[in-house]
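Chemist: Got a sequence here, can you model it:
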Amino acid sequence: MMTKSHALILILFAGLTVAGGSLIGYLSIPGPWYEGVSKPWFNPPNWIFGPVWTALYLLVGIAGARVFIRERGNWLPRLWFVQMALNFAWSPVFFILNRADLALIVLLALLLAIVAFMALAWTRDRPSALLFIPYAAWVSFAGLLNGAIWWLNRG
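Modeler: Sure, this is the predicted structure:
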């Protein structure tokens, strides 16, 4: 049953996750370094990242609210915050520090945290695990893209 406090938590998680992701994206807009690096043939156009990440952040925020409401004080919400910190760290490492190598390490840690969250949520709150499936798929693609950019520009 959705109470008023649960609805407020849902709105806060979803809103802050989308807003946080948008702020990180705004503060680390791809600049001349990214424009100048060699990219693989499967690199999508820049305009696609904003809408995709907005939708993903909404799903991630909903999952975060669900586990916070159901598992507050336990390991699952903590793992959600860990993956969020790693998510928010990737863009500055890649686009501000211009370190595709370090960003790939952050991204691999993020993917590990996402998979761990999904595995642990599967028995505790299956809808939250399912909400992470598109996120895991996109982060996997981002890892492939990040790795390819690093490989093409190493040295």
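Chemist: List of residues touching the helix or strand bottoming out on mean pLDDT in the chain?
Modeler: Lowest mean confidence among the helices and strands of the chain (mean pLDDT, DSSP states H and E): helix 4-27, at a mean of 92. Residues outside helix 4-27 that contact it (CB atoms under 8 Å, 6 or more residues apart in numbering): 2, 49-50, 53-54, 57-58, 60-62, 64-66, 68-69, 84, 87-88, 91-92, 96. Backbone N, C-alpha and C define where each C-beta goes, glycine included.
Chemist: Show the buried residues in those residues.
Modeler: Neighbour counting by 16 or more other CB atoms under 10 Å classes 53, 57-58, 60-62, 64-66, 68-69, 84, 87-88, 91 among the contacts of helix 4-27 as buried.
Chemist: one step back: any idea how far the least confident helix or strand of the chain is from the middle of the chain?
Modeler: Put simply, helix 4-27 sits 13 Å off its chain's centre (CA atoms, centre = their mean, to the nearest Å).
Chemist: who's in contact with the helix or strand following that helix?
Modeler: Using DSSP states H and E, the helix or strand that follows helix 4-27 in sequence is helix 32-36. With contacts defined as CB under 8 Å, 6+ apart, helix 32-36 is touched by 95, 98.
Chemist: Now, the contacts of helix 4-27 that are in strands?
Modeler: The strands, defined by DSSP state E, take in nothing from the contacts of helix 4-27.
Chemist: In helices, which of the buried ones among the contacts of helix 4-27 fall?
Modeler: Counting by DSSP state H, the part of the buried ones among the contacts of helix 4-27 found in helices is 53, 57-58, 60-62, 64-66, 68-69, 84, 87-88, 91.
Chemist: pLDDT-wise, what's the bottom of these?
Modeler: On pLDDT alone, residue 69 ranks lowest of those, at 92.
Chemist: Please identify which of the buried ones among the contacts of helix 4-27 is nearest to residue 136.
Modeler: residue 60 (10.5 Å; CB to CB).
Chemist: From what I see, that closest one and residue 135 are in contact.
Modeler: Yes - Residue 60 is in contact with residue 135 according to CB atoms under 8 Å; the separation is 5.7 Å.
Chemist: in the least confident helix or strand of the chain, what's buried?
Modeler: Using 16+ other CB under 10 Å as the test for burial, helix 4-27 gives 9-10, 13-14, 17-18, 21, 24-25.
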